[in-house]
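Trainee: Okay, sequence plus prediction incoming.
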Amino acid sequence: VVLQRRDPPEPPKGSRWFHPMLVRAALLFEDSVAGTTALLRRAHFPQECPFPREEAEGHWCWLSLEPHQHAANLADALVRTRRHSANRATRDEADVHESRCAAVQHHLTKVHAVNVDMHDAAALLNFRGPRTPDQGEKLLDVLGQVERSLFADYIRPKEQDERGEFWKDFVSGREACLERAITSHRRRFKVLADEVALSITS
């Protein structure tokens with residue numbers, strides 16, 4: 001399935017995440033699949049279109065990918081983000097942001113079984129940071145749980161049958177490097193949480 005918008009390209013901006021595991025890990029903080037062109041394997045979506053009817057449809061789609069479904073970014077030379085004067089990303093920015101927060105909150109509660117609300121999701125999205133020290137501590141615990149889940153499910157699965165073709169192609173031999181990259185999100189958020197805690201206590 002190839003979904004492509006047909007508007008004039010804007011200068012390339014891209015994403016810093018290209019590895020499928022790092023794209024997945026970054027989704028709590030940003031819509032890390034860049035551009036308005038997506039290439040998906042049709043066999044992975046037998047029932048219906050993977051894009052839900054939401055303002056932030058892309059973010060919802062990427063966060064709802066099953067463990068056997070993966071997304072990665074292509075180089076800007078292959079795909080460019082397109083914009084035009086009536087683009088809804090600009091026109092409906094507030095609604096898109098709220099929808100992205102809802103996607104992050106839904107993903108964390110459904111996939112990782114943690115108790116987070118829309119304010120928590122907003123604190124994570126784009127690394128806005130926590131509003132209070134308590135929220136910072138709570139979200140650091142949540143991010144630790146998410147990390148452990150990603151490591152157990154994708155990076156170092158215990159069962160041999162869980163180490164399929166994707167694992168062999170994208171993870172094998174790169175475990176430590178991927179773990180460091182994934183934990184970098186929590187470390188970056190911790191800096192923000194520490195700043196809030198310091199400003200409250202000083």
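Mentor: Looks like it arrived, so ask away.

Trainee: May I see the buried residues of stretch 146-163?
Mentor: Across stretch 146-163, burial judged by 16 or more other CB atoms under 10 Å covers 146-147, 150-151, 154-155, 157. The way it works is simple: take the backbone N, C-alpha and C, and place the C-beta from them, glycine included.

Trainee: er, stretch 17-25 actually
Mentor: For stretch 17-25, burial by neighbour count (16+ other CB under 10 Å) applies to 17, 19-25.

Trainee: Quick check: pLDDT value at Asp153.
Mentor: If you check Asp153, the pLDDT there is 93.

Trainee: no wait, Gln69
Mentor: At Gln69, pLDDT is 80.

Trainee: now Phe127
Mentor: 92.

Trainee: and what of Leu3?
Mentor: Value for Leu3, per-residue pLDDT: 47.

Trainee: what do you get for the one 4 residues further on?
Mentor: According to the per-residue confidence, Asp7 scores 45 in pLDDT.

Trainee: hang on, the earlier thing: turn the buried residues of stretch 146-163 into CSV, including distance to Glu48.
Mentor: Formatted as CSV, the buried residues of stretch 146-163 follow (distance: CB to CB, whole Å):
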residue, distance to Glu48
Val146, 27
Glu147, 31
Leu150, 27
Phe151, 31
Tyr154, 25
Ile155, 30
Pro157, 29
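
Trainee: tell me which of those residues is nearest to Val104?
Mentor: The shortest gap between Val104 and any of the buried residues of stretch 146-163 belongs to Val146, at 10.9 Å (CB to CB).

Trainee: sorry, back to before: let's see which of the buried residues of stretch 17-25 end up in strands.
Mentor: Judged by DSSP state E, those include no members of strands.

Trainee: So which of the residues you listed are in helices?
Mentor: Among those, the residues falling in helices (DSSP state H) are 20-25.

Trainee: Show me what counts as buried in the longest helix along the chain.
Mentor: Criterion DSSP H: the longest helix present in the chain is helix 175-201. Neighbour counts over helix 175-201 (16+ other CB under 10 Å) mark 178-179, 181-183, 185-186, 189, 192-193, 196-197 as buried.
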